[in-house]
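Asker: give me a model of this one.
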Amino acid sequence: MSKMCEVSLLGSFLVVFLSLISITLGNVLELTPSDFDEVVNGDAFVLAEFYAPWCGHCKALAPTYDQLGEAYKHTEDVKIVKVDADAHKDLATKFDVSGYPTIKYFKKGSTEAKEYSGGRDLKDFTEFILGETGVKAKVPIVREEVLTLDPTNFDKIVKDTNKDVLVEFYAPWCGHCKNLAPTYEKVGQAFKNEPNCVIAKVDADGHRDLGERYGVSGFPTIKFFPKTNKDGEEYSGGRSEEDFINFMNEKCGTKRTPGGGLNDEAGRIEAFDEFAKNFMAQKDKRESIYEEAKGLVDKQEDQKMAKYYVKVMEKVTKVGDEFITKETSRMERLLGGQISSAKKDEFTKRTNILGQFAGAKKDEL
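Answerer: Prediction:
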């Protein structure tokens, strides 16, 4: 059992802000005092994690716990939930929670909490729940960071004109391939949220016809198949994680960084950056700038982010310039909490956009 994070004074300071934020974390239901009794009412078996947003052990558990929620979303007999016990101390006290994360379970037909003291791997949780309920988990298939290709799926993936695909042709016995493998996996991790920018590999020794089709005579050979050229192009760049990521960013138009994050340009639209700066600097022209930006949203490739620029303008108009500072702080807190990688991408893009408004506000001062 993981060592618990002791309750800290820092968590108490964060409560003021985080208690106002309601977030659905993946497949796990977030409960508060207003709905806890409604959900934990004896109608189903409930596994509940009492966590704190600042707790390192809670953050480490988050991906596994989200997978657990996915594994039981097919049934009403098992519910996977969590409670911000630092923000809702009344619930923590009610169930004798003194450290984070604490996991309790409630049997079907009962609202009495019992301590869960088992292991914290996905297998540990699902075996425990199976023993308590008889309900089998539907464990999701985890997407490969580097997609494995073979004759059954090679053409479907590589020749898809909606995808830019980087393919490593390797041999299992090849020493250079083995040395490259950890780096290549990191590249796959960096692009896991980019469905049209694919990092793939194929055993060209086991599937020699594929290697021969593309003139592979040594291992590893790396080829790039852009949307516009499915004959393939030889990759001759460097083989560090950064080299691969820079190459794919240039080819795919993505903004990835080593580790899978996004750089400070992600989500931004050059024309709307100008709108943001002018909006903050020219208070007497805000209405006309807002209308102009709003009228161009539908013409943007990334309409979602264009709409966010407009939404920020609306909020500033309604509540004042201080919205920028408050919303930026909120995004930073969310980025430091338990969120999925997709949410992290979304909040990073929002933070980057807010930065364009904040920069103009700072220049004005």
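Asker: which residues in this protein form helices?
Answerer: 9-18, 36-39, 56-71, 89-94, 122-133, 154-158, 175-190, 208-213, 241-252, 270-281, 286-296, 303-319, 322-335, 341-364 (DSSP state H).
Asker: who touches the last one?
Answerer: This points to helix 341-364. 192-193, 260-262, 264-268, 272-273, 276-281, 305, 308-309, 312, 316, 321, 324-325, 327-328, 331-332, 334-335, 339 (Cβ atoms under 8 Å, 6 or more residues apart in numbering). Glycine gets a C-beta too; all of them are placed from N, C-alpha and C.
Asker: from the residues you listed, which would you call buried?
Answerer: 192-193, 260, 262, 266-268, 272-273, 276-280, 305, 308-309, 312, 316, 324, 327-328, 331, 334, 339 (16 or more other Cβ atoms under 10 Å).
Asker: how about the helices of the chain in a markdown table, adding mean pLDDT and distance to residue 27?
Answerer: Output for the helices of the chain, formatted as a markdown table (pLDDT from 0 to 100; distance: least, Cβ to Cβ, whole Å):
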| stretch | mean pLDDT | distance to residue 27 |
| --- | --- | --- |
| helix 9-18 | 35 | 21 |
| helix 36-39 | 95 | 15 |
| helix 56-71 | 89 | 3 |
| helix 89-94 | 94 | 21 |
| helix 122-133 | 93 | 13 |
| helix 154-158 | 96 | 27 |
| helix 175-190 | 93 | 21 |
| helix 208-213 | 94 | 37 |
| helix 241-252 | 97 | 29 |
| helix 270-281 | 96 | 33 |
| helix 286-296 | 97 | 35 |
| helix 303-319 | 97 | 23 |
| helix 322-335 | 95 | 18 |
| helix 341-364 | 86 | 13 |
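Asker: right, so of those helices, which gets closest to residue 50?
Answerer: helix 89-94 (5.9 Å; Cβ to Cβ).
Asker: what is the neighbour count of residue 145?
Answerer: 16 (other Cβ atoms under 10 Å).
Asker: contact partners for it?
Answerer: Applying Cβ under 8 Å, 6+ apart, the residues near residue 145 are 185, 188-189, 192, 199.
Asker: enumerate the positions of stretch 175-186 that are buried.
Answerer: Applying 16+ other Cβ under 10 Å to stretch 175-186 flags 177, 180-181, 184-186 as buried.
Asker: what does stretch 39-56 give?
Answerer: 40, 44-55.
Asker: from those, which ones fall inside strands?
Answerer: 45-51 (DSSP state E).
Asker: which one of those residues sits closest to residue 95?
Answerer: Checking these one by one against residue 95 (Cβ to Cβ), the nearest turns out to be residue 50, at 6.9 Å.
Asker: pull up the gap between that closest one and residue 262, please.
Answerer: To residue 262, residue 50 is 31 Å away according to Cβ to Cβ, to the nearest Å.
Asker: how about residue 105?
Answerer: 37 Å.
Asker: kindly report the same for residue 282.
Answerer: Taking Cβ to Cβ, one finds residue 282 at 30 Å from residue 262.
Asker: what's the answer for residue 289, then?
Answerer: From residue 289 to residue 262 the distance is 27 Å (Cβ to Cβ).
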